[in-house]
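J.: after the sequence you'll find the predicted model.
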Amino acid sequence: MDVDIEEADMQSFYDQVQGEVPLSKPTGPATVVVDDAHPFDLDAYISGYSGRAALDRLINIISLCPPLAPHALTRALELLLAQRDTELLKTVLAAYEAAVARADGALPPPEQLVPDRTPYLAWRDATAERNAAQRQELEVQLKTYTGNMIKESIRMGHRDLGAFYRATGDYDSALRHHTKSREFCTTSQNMLDMCLSVLELLLEQRNFAHVPTYVFKAESALDAIVSSGPSTTYGTGLNAGGPKRTEQHAQVEAKLALCTALAHLAAGQYAKAAQAFLQPMSAAALAPWTGALVAPGDVGVYATLSALATLGRGELKARVLEGEGLAGEGEGMKELLDAWMASRFRAVLELLEKHSARHLLDPLLGAHIAGLTALIRARALVLYFQPFATIRFERMSAAFGWSVEDAEREVVALIQRGDILGRVDSQNKILRARATNPRAQLYANALKTGAEMQRATYKLLLRLRLQQADLVVRKAAPPAAAQSTTAAPAATQQPVAAGASESAEL
């Protein structure tokens, strides 16, 4: 049996391979297995986070990994007492109770792990009382500032209330106050601070839909700061020899690049995410977001996997191995890059499988690791087959650690999608590259280009004929522009109107 692909429209698969469209709809795992073949150190993983970020990841581990749920519950309750969101206690206990129900008695009940809940209930009541008192104080201050009509004080009042509501877990109110402070921003620096606060809130909430909007606003404010003059914080103006990248400027750019990359990753746009992750950034440049929102190791894992799934070998070497970003950081990422550059694809797949538990337990990466792994595996097969005209499946299966049947099935899928131009001899278990005729391909490209030029010329001629026949719909003048005309222009337009009326009568 021969499997071949003729000239067909494979653009959808090409987009998938380039990382613009995920191979399948990203879905998170139901449960994650942790064993000797898939190790995961909970304490080392959580040590890279602080505050709400650590608690969110612990809750995610409780929900997805039953063997680690008791230890994760203990760690979550230890961190809980330093927070100000009283709803976290209910969330943590509810997550563990749901894990116990799914485990069918394999996990100890919460009463056994937390026999005395009195300290946590006392913390909840005391924190709720302190939050209420501080909220009333901040609202009174804002009302006083509003009465005084001082824009800077009102802006700071909304900023403080936004930070308070974020700490207490009321994200809707926090976002409302941060966005409300925009009306009282008097400088570009105020606008930049507001955008960064909103972006920080959106990343913590993992609400990536509005991230591009505030990234654009922050970039506009940053450009205004840089070009405003030598007295600004982030650079010097054009009159002083052009804008200079200061340390603060680089920090803001790194944060904006991180926000853009995470938004693209959450949307499944892996190629765009890789380009954003590979921007110059460091742990120091991302402070104080480091640990509070994302760990440097996380950024390194995201950047490395996205780059392997979408970039060619030359660009990977130039931008990842020799770049200034965080790509290559993270557990097992350096070994993964070394194996890829050495074409040891079996080791690449084994490393991905070994660290799959850590990737699946990541709240953001877990839903995309299957798609990224599929893209990496497909790209590895393409790179392996490129130098060969024919190759036996026994050799290919040994290089990837698969059986002959698995290797044949993977190759057939890639041929059907149009990624490998070849034929499969199922009887002799041989993969042959399909011979292409350069002369015929050149003529086909020329005919295609000629057809595109013909269509464009036809559209241009049609537009010219419509203009000659005066069949063009013109936009009406806006009312504001019509009302703002002065008496002098009106006087100059009277003869024209008269001439128009005379021509109409004729």
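T.: Cool, the structure landed. Because the structure is a prediction, the values reported are computed rather than measured.

J.: now the strands for this structure?
T.: 390-392, 422-425, 430-433 (DSSP state E).

J.: to V198, which of those strands lies closest?
T.: The minimum distance between V198 and the strands of the chain falls on strand 422-425, with 50.4 Å, by C-beta to C-beta. Just so you know, the C-beta spots here come from the backbone N, C-alpha and C atoms, and that holds for glycine as well.

J.: elements contacting that closest one?
T.: helix 404-417, strand 430-433 (3 or more C-beta pairs under 8 Å, 6 or more residues apart in numbering; DSSP states H and E).

J.: about what we covered before: can I get the strands of the chain in CSV including mean pLDDT and distance to Q275?
T.: Listed next are the strands of the chain as CSV, based on pLDDT from 0 to 100; distance: least, C-beta to C-beta, whole Å:
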stretch, mean pLDDT, distance to Q275
strand 390-392, 87, 33
strand 422-425, 84, 30
strand 430-433, 84, 31
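
J.: would JSON lines of those with mean neighbour count and distance to A37 be doable?
T.: Shown next, in JSON lines, are the strands of the chain (neighbours: other C-beta atoms under 10 Å; distance: least, C-beta to C-beta, whole Å):
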{"stretch": "strand 390-392", "mean neighbour count": "16", "distance to A37": "29"}
{"stretch": "strand 422-425", "mean neighbour count": "19", "distance to A37": "31"}
{"stretch": "strand 430-433", "mean neighbour count": "18", "distance to A37": "30"}
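
J.: with distance to A44 added, can I get those in TSV?
T.: Output for those, formatted as TSV (distance: least, C-beta to C-beta, whole Å):
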stretch	distance to A44
strand 390-392	42
strand 422-425	44
strand 430-433	43
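
J.: of all the ones you listed, which one is nearest V473?
T.: Judged by C-beta to C-beta, the one of the strands of the chain that comes nearest to V473 is strand 422-425, at 52.8 Å.

J.: then the closest one to PDB, C-alphas only?
T.: This file holds the C-alpha atoms of strand 422-425, laid out as PDB (Å, rounded to 0.1, in the frame of the first residue of the first chain):
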ATOM      1  CA  GLY A 422       6.700  11.100   0.700                       C
ATOM      2  CA  ARG A 423       5.200   7.700   0.100                       C
ATOM      3  CA  VAL A 424       5.000   4.800   2.500                       C
ATOM      4  CA  ASP A 425       5.700   1.300   1.300                       C
END
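
J.: sheet partners, orientation included, of it?
T.: strand 430-433 (antiparallel) (DSSP bridges).

J.: send me the strand it pairs with as CSV with only the CA atoms.
T.: The C-alpha coordinates for strand 430-433 follow below in CSV (Å, rounded to 0.1, in the frame of the first residue of the first chain):
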residue,chain,number,x,y,z
ILE,A,430,10.0,1.9,3.8
LEU,A,431,9.4,5.6,3.6
ARG,A,432,10.4,7.2,0.3
ALA,A,433,10.6,10.9,-0.4
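
J.: distance from the chain centre to that strand, please.
T.: Relative to its parent chain, strand 430-433 has a centroid offset of 38 Å by C-alpha atoms, centre = their mean, to the nearest Å.

J.: what's that strand in contact with?
T.: With contacts defined as C-beta atoms under 8 Å, 6 or more residues apart in numbering, strand 430-433 is touched by 385, 388-393, 396, 411, 420-425.

J.: what's the closest of the residues you listed to K151?
T.: I420 (62.7 Å).

J.: burial measure for that closest one, as a count.
T.: 23 (other C-beta atoms under 10 Å).

J.: contacting residues for the residue lying closest to it once chain neighbours are set aside?
T.: Leaving out its chain neighbours, the residue that sits closest to I420 by C-beta to C-beta, 6 or more residues apart in numbering is L414, at 4.5 Å. Residues near L414 by C-beta under 8 Å, 6+ apart: A378, L381, V382, I420.

J.: would you confirm that the last one contacts V382?
T.: Yes: counting by C-beta atoms under 8 Å, I420 touches V382, with 6.2 Å between them.

J.: and the contacts of L414, which two are the farthest apart?
T.: Checking these with C-beta to C-beta, the most distant pair is A378 and I420, at 9.0 Å.

J.: quick revisit: would you quantify the distance from the residue nearest to I420 to E408?
T.: According to C-beta to C-beta, to the nearest Å, L414 and E408 sit 11 Å apart.

J.: quick one: the residue nearest to G422 when sequence neighbours are not counted from R423, how far?
T.: Using C-beta to C-beta, 6+ apart and skipping residues adjacent in sequence, the residue nearest G422 is A433, 5.0 Å away. Per C-beta to C-beta, A433 is found 8 Å from R423.

J.: and L460, by the same measure?
T.: If you go by C-beta to C-beta, the gap between L460 and R423 works out to 44 Å.

J.: tell me how many other residues surround L201.
T.: Under the neighbour criterion other C-beta under 10 Å, L201 is assigned a count of 22.

J.: where in the stretch 251-400 of the chain is pLDDT low?
T.: Scanning the stretch 251-400 of the chain for pLDDT under 70 picks out nothing.

J.: cool, and the stretch 401-506 of the chain?
T.: For the stretch 401-506 of the chain, applying pLDDT under 70 flags the ranges 476-506.

J.: where along it do the helices fall?
T.: For the stretch 401-506 of the chain, the helices defined by DSSP state H, counting those that start in this stretch occupy 404-417, 438-468, 479-483, 487-505.

J.: ok now stretch 271-287, how far from the chain's centre?
T.: Distance, centroid of stretch 271-287 to centroid of chain: 11 Å (C-alpha atoms, centre = their mean).

J.: and that stretch, end to end?
T.: 26 Å (C-alpha to C-alpha, to the nearest Å).

J.: got the contact list for it?
T.: With C-beta under 8 Å, 6+ apart as the test, stretch 271-287 has contacts from 18-20, 250-251, 253-255, 257-258, 260-262, 264-265, 290, 294, 296, 299, 302-303, 306-307, 309-311, 319-320, 323-327.

J.: select, from the contacts of strand 430-433, the two members most distant in space.
T.: R392 and L421 (18.4 Å).

J.: that older thread, now the contacts of L414: which count as buried?
T.: Neighbour counting by 16 or more other C-beta atoms under 10 Å classes A378, L381, I420 among the contacts of L414 as buried.

J.: surely the second one touches V411?
T.: This means L381. Yes: between L381 and V411 a contact is recorded at 6.7 Å, counting by C-beta under 8 Å.

J.: so what sits against both of those two?
T.: Counting by C-beta under 8 Å, 6+ apart, the common neighbours of L381 and V411 are M396, I420.
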